[in-house]
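J.: below: sequence and its predicted model.
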2 protein chains.
Amino acid sequence: MNLLITGGAGFLGARLARTLLQRGTLAGQRIARLVLADRAAPQDAALTSDARVQVKVGDLAAQLPTLMAAPFDAIFHLAAAVSGECEADFELGMHANFDTTRQLLDACRAAGNRPRLVFSSSLAVFGSDPSLPLPEVVGDATLPTPQTSYGIQKFIGEQLVADYTRKGYIDGRSTRLATVSVRPGRPNAAASGFLSGIVREPLAGLPASCPVDVDTEVALTSPANTVAGLIAVVEADASSWIGRTAINLPALTVSVRAMLDALREIGGDEAVALVRFGADPSVARMVGGWPARVASERAQRLGLRADSDFRSIVLQYVRDNASAVTNARARAAAGLA
Amino acid sequence: MNLLITGGAGFLGARLARTLLQRGTLAGQRIARLVLADRAAPQDAALTSDARVQVKVGDLAAQLPTLMAAPFDAIFHLAAAVSGECEADFELGMHANFDTTRQLLDACRAAGNRPRLVFSSSLAVFGSDPSLPLPEVVGDATLPTPQTSYGIQKFIGEQLVADYTRKGYIDGRSTRLATVSVRPGRPNAAASGFLSGIVREPLAGLPASCPVDVDTEVALTSPANTVAGLIAVVEADASSWIGRTAINLPALTVSVRAMLDALREIGGDEAVALVRFGADPSVARMVGGWPARVASERAQRLGLRADSDFRSIVLQYVRDNASAVTNARARAAAGLA
């Protein structure tokens, strides 16, 4: 089986790649080749040293002609410019999120082998237009009213995937990810970045800023659960995949206050003391417009479930990123030396 | 006031143009110049001889640089490839309905004067996915699940209009038209074309074919009511226009049987006898997937209403197209000589 992960050097792409390589199979077939395409090379030696892995570095749109020379059986299309970037630079977002997605779909169509393709959309397709408020709980049949260019571009991507699938050019599935937390590494330009930063930075002994009120509720999914969701979506056979519209991945609803409580429980008061509050109205507006409560009827039927609580998510982060955690109490809680 | 109608030589564009020129004003301002852009020149001397009218013939995308040299105050964007064409030729639809719309919006953005723009979307954004059936009545908040490339392209256009509006590049409003009936002239490649043909052809003494069952229900709007809707949408001030998502124009729900009853009432048995039934499964599938019952909450607040009955729509057609109607009984019913 010949696989492609776009955005394969990113945090989620690289984690998905590691998981796939450890499994060795996808949908019952042996993974013979895994191509990671991204603007930068993956930093992870476990990936770059694996004989099955090929790394392709560059702008995805520019790379497509050579990249698609050998057809792929399945594609995880994760590459995207993030919400903050797209608000700041309209053309960048349209190029990275929209044109590139369309060109990838056209390349799949030209390949002619109807690859299975997972499009990673986002709950950011839901935004709260003050005059057309979202329902309390958003479901798979809720009309998205995106309030960011990122959300619009993702929603348009869903439509393209649906039509290319209907026409038989691909076997596409769009799945809306919640904010992934806790992300390792450095802050990025996503408006949701602080939802990882307020845990990651304090556990490394560093200050973090929280631009929203502590009572703000958000919908989160752990990295492990997000990767499991992406794999389940591509593995679902055609008869268990319902319709062609996007499915919402299950997400845990949690307030920033409850996130900080979990941080205190695991990292102590010293960790929480490193979080500084200072409202950033533009971030607060974007985050406040995203849905905090998500119904995931179709994902549930695929057996997918939200993470159970944020404490487990923090422990997952500590165990998976031991070298980045200096907080002794957290290390002990996770059973690290 | 400087106006542009794309698709200005088409039936709806030309009728809108005549109506605007007769009114002389739009949103309280005098219409100084009305540009009709289309692939062909309008055939209507009342338009081409009007000193306010300028005709621009050619592919819209190719014309945009010169067309937009003088900024427009308001734009009616009606130009589109129709449903049947887009199913038959995927690239044509993406070019005509998607790329051209985006390029028009980019040209508006470059013009920098934030023109008011009406995007004529379509109830064809609603399609019936067998595994995700539509509600009995579709409203402004119903999630569209388009089952045609035309529907997808229109729905993507709505998203672009929403985001360009949010960013302040245009003052855009998307409005979903129902099937317009009775259209004059010759059949086109729209799957909905027979919904005009089964009235127009018999009233001209010509045979017409009906590719769906007589019990099929459809949502229709008369030409006059459609034009009135487009004008009301562009005239609505920002405070009465709610949200940035598309509004459904009110439409009359009618069965093909009831349409033929109205035809019989006005044109007699001889007219109905000219309608031949022969199922065309591809057309029946497309039409059957469109919603027949439409709620139009936001359009109602603008004062818009559906046509009252199909008989009035047939009479409107006879009066507006006297030269094309040979059926003596229908001419008498409409008060024509």
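T.: Good, I have the coordinates.
J.: how is chain A divided into domains?
T.: A:2-178+A:222-248, A:191-219+A:251-333 (automatic domain parsing).
J.: what mean pLDDT does the longest one get?
T.: This means domain A:2-178+A:222-248. The average pLDDT for domain A:2-178+A:222-248 rounds to 95.
J.: endpoints of that domain, how far apart?
T.: Terminal residues of domain A:2-178+A:222-248 lie 27 Å apart, using Cα to Cα, to the nearest Å.
J.: does that domain reach chain B?
T.: Yes. Counting by Cβ under 8 Å from any Cβ of the partner chain, chain B is contacted by domain A:2-178+A:222-248 at A:90, A:129, A:131-132, A:141-147, A:149, A:152, A:155-156, A:159-160, A:162-163, A:166-167, A:242-245. For the C-beta atoms, the positions are set from N, CA and C on the backbone; glycine is no exception.
J.: list buried residues within the residues you listed.
T.: Neighbour-count burial (16 or more other Cβ atoms under 10 Å in any protein chain shown) applied to those gives A:90, A:129, A:132, A:142-147, A:149, A:152, A:155-156, A:159-160, A:162-163, A:166, A:242-245.
J.: the residues of domain A:2-178+A:222-248 next to chain B in helices, which ones?
T.: Assigned to helices by DSSP state H, the following of the residues of domain A:2-178+A:222-248 next to chain B qualify: A:90, A:149, A:152, A:155-156, A:159-160, A:162-163, A:166.
J.: quick one: the strands in chain A?
T.: Counting by DSSP state E, chain A has these strands, from start to end: A:2-6, A:25-26, A:29-30, A:33-38, A:53-57, A:74-77, A:116-122, A:171-177, A:179-180, A:208-210, A:217-221, A:247-248, A:252-255, A:275-277.
J.: JSON lines for those, including mean neighbour count?
T.: Compiled in JSON lines, the strands of chain A are given as follows (neighbours: other Cβ atoms under 10 Å in any protein chain shown):
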{"stretch": "strand A:2-6", "mean neighbour count": "26"}
{"stretch": "strand A:25-26", "mean neighbour count": "15"}
{"stretch": "strand A:29-30", "mean neighbour count": "11"}
{"stretch": "strand A:33-38", "mean neighbour count": "22"}
{"stretch": "strand A:53-57", "mean neighbour count": "17"}
{"stretch": "strand A:74-77", "mean neighbour count": "25"}
{"stretch": "strand A:116-122", "mean neighbour count": "26"}
{"stretch": "strand A:171-177", "mean neighbour count": "24"}
{"stretch": "strand A:179-180", "mean neighbour count": "22"}
{"stretch": "strand A:208-210", "mean neighbour count": "19"}
{"stretch": "strand A:217-221", "mean neighbour count": "23"}
{"stretch": "strand A:247-248", "mean neighbour count": "26"}
{"stretch": "strand A:252-255", "mean neighbour count": "19"}
{"stretch": "strand A:275-277", "mean neighbour count": "15"}
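J.: could you dump the ones you listed to JSON lines with distance to A:M286?
T.: Shown next, in JSON lines, are these (distance: least, Cβ to Cβ, whole Å):
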{"stretch": "strand A:2-6", "distance to A:M286": "24"}
{"stretch": "strand A:25-26", "distance to A:M286": "34"}
{"stretch": "strand A:29-30", "distance to A:M286": "40"}
{"stretch": "strand A:33-38", "distance to A:M286": "25"}
{"stretch": "strand A:53-57", "distance to A:M286": "30"}
{"stretch": "strand A:74-77", "distance to A:M286": "23"}
{"stretch": "strand A:116-122", "distance to A:M286": "12"}
{"stretch": "strand A:171-177", "distance to A:M286": "16"}
{"stretch": "strand A:179-180", "distance to A:M286": "11"}
{"stretch": "strand A:208-210", "distance to A:M286": "14"}
{"stretch": "strand A:217-221", "distance to A:M286": "11"}
{"stretch": "strand A:247-248", "distance to A:M286": "19"}
{"stretch": "strand A:252-255", "distance to A:M286": "17"}
{"stretch": "strand A:275-277", "distance to A:M286": "17"}
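J.: contacts only, for the closest residue in space to A:Q300 that isn't next to it in sequence.
T.: Ranked by Cβ to Cβ, 6 or more residues apart in numbering or on different chains and with sequence neighbours excluded, the top spatial neighbour of A:Q300 is A:P250, at 6.8 Å. A:P250 makes contact with A:221, A:225, A:229, A:294, A:296, A:299-300, A:304-306 under the criterion Cβ atoms under 8 Å, 6 or more residues apart in numbering or on different chains.
J.: ok, now with 6 Å
T.: A:P250 makes contacts with A:296, A:299, A:304-306, as judged by Cβ atoms under 6 Å, 6 or more residues apart in numbering or on different chains.
J.: and for A:R329, the neighbour number?
T.: Residues near A:R329, counting by other Cβ atoms under 10 Å in any protein chain shown, number 16.
J.: what does A:G288 give?
T.: 17.
J.: quick revisit: closest one to A:V199 among the strands of chain A?
T.: If you check each of these against A:V199 by Cβ to Cβ, strand A:208-210 wins as the nearest, at 8.0 Å.
J.: helices or strands up against the closest one?
T.: On a contact count with 3 or more Cβ pairs under 6 Å, 6 or more residues apart in numbering or on different chains; DSSP states H and E, strand A:208-210 meets helix A:194-203, strand A:275-277.
J.: need these in TSV with distance to chain B and mean pLDDT, can you?
T.: Written out in TSV, the entries for those read as follows (distance: least, Cβ to the nearest Cβ, whole Å; pLDDT from 0 to 100):
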stretch	distance to chain B	mean pLDDT
helix A:194-203	23	97
strand A:275-277	28	96
